[in-house]
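> Quick one: sequence and predicted model below, then my questions.
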Amino acid sequence: MVGLRCSFLALLTASVLWPVTAAAQTFVCPNGPGPGEIQVGTTGGSGGIAVIPICASDGSEDSSEDADSPSDGPVWETRWGAIARGKAGGWGAVSDMLSERSAKQAALKQCETTASSRRAACKVSITYYNQCAVYVWGSSGGVSSSAVDITTASQQALALCGKTSSDCEILYSNCSYPKQLN
């Protein structure tokens with residue numbers, strides 16, 4: 001019984017003295033960390049999609065704020081974009097959509113209206129969120145790329161197009177950055 005009581009007291013003492021750390025709220029920071037923020041990771045990074053920095057507060061905020069004021073920081077809403085291409089020359093691109101599904105549907109609809117044949121098989125070539133995308137056309141066809149900014153996405157798409165074409169030009173570039181809700 002004494003051993004059980006000692007074990008209980010040791011467990012109680014350890015639980016009181018054990019350091020507790022709260023999980024930091026993270027958010028996408030497409031332009032990298034800003035004042036009072038640190039980069040804690042990245043998202044994406046495969047299938048032609050560039051990595052996007054993930055940030056959190058560095059804890060340097062004034063701790064004397066009222067208890068009633070929100071301390072979680074801004075709330076962000078993800079925004080989607082998509083680019084669709086058709087075999088008969090059509091293409092469509094959208095940005096700032098609220099979901100991946102709505103972005104795909106809108107890009108496909110736009111592609112079908114610009115295709116030279118009503119039976120053109122339009123397919124989504126890329127979807128992206130909280131970043132930028134570029135559509136480049138050359139004599140060998142079109143190439144899509146996405147990245148954290150238009151400059152990087154353009155460089156990637158032009159490099160891919162340049163492997164098979166010498167006359168590559170950017171037909172579309174736009175961003176779907178997250179929108180701050182509060």
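Structure received.

> So which residues of this protein form strands?
26-28, 37-43, 52-57, 76-77, 80-86, 91-97, 122-129, 131-138, 141-147, 169-176, 179-180 (DSSP state E).

> Please identify the deepest-packed of those strands.
Of the strands of the chain, the one with the most neighbours on average (mean count of other C-beta atoms under 10 Å) is strand 80-86, at a mean of 26. Just so you know, the C-beta spots here come from the backbone N, C-alpha and C atoms, and that holds for glycine as well.

> who does it pair up with?
Applying DSSP bridges, strand 80-86 is found paired with strand 91-97 (antiparallel), strand 122-129 (antiparallel).

> Need the ones you listed in CSV (columns: distance to residue 137).
Formatted as CSV, the strands paired with strand 80-86 follow (distance: least, C-beta to C-beta, whole Å):
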stretch, distance to residue 137
strand 91-97, 8
strand 122-129, 12
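
> could I get those as CSV with distance to residue 155 and mean pLDDT?
As requested, those are exported to CSV (distance: least, C-beta to C-beta, whole Å; pLDDT from 0 to 100):
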stretch, distance to residue 155, mean pLDDT
strand 91-97, 18, 94
strand 122-129, 16, 94
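
> Tell me which of these sits nearest to residue 135.
strand 91-97 (6.0 Å; C-beta to C-beta).

> pLDDT weak spots in this structure?
Scanning the chain for pLDDT under 70 picks out 1-26, 41-54, 60-71, 88, 117-120.

> 90 instead?
Within the chain, the stretches with pLDDT under 90 are 1-73, 86-91, 112-121, 139-142, 166, 182.

> Tell me which of the strands paired with strand 80-86 approaches residue 156 most closely.
Proximity to residue 156, assessed across the strands paired with strand 80-86 by C-beta to C-beta, is greatest for strand 122-129 (11.2 Å).

> still on that earlier bit, among the strands of the chain, which comes closest to residue 158?
strand 131-138 (5.8 Å).

> Direction included, what does that closest one pair up with?
strand 141-147 (antiparallel), strand 169-176 (antiparallel).
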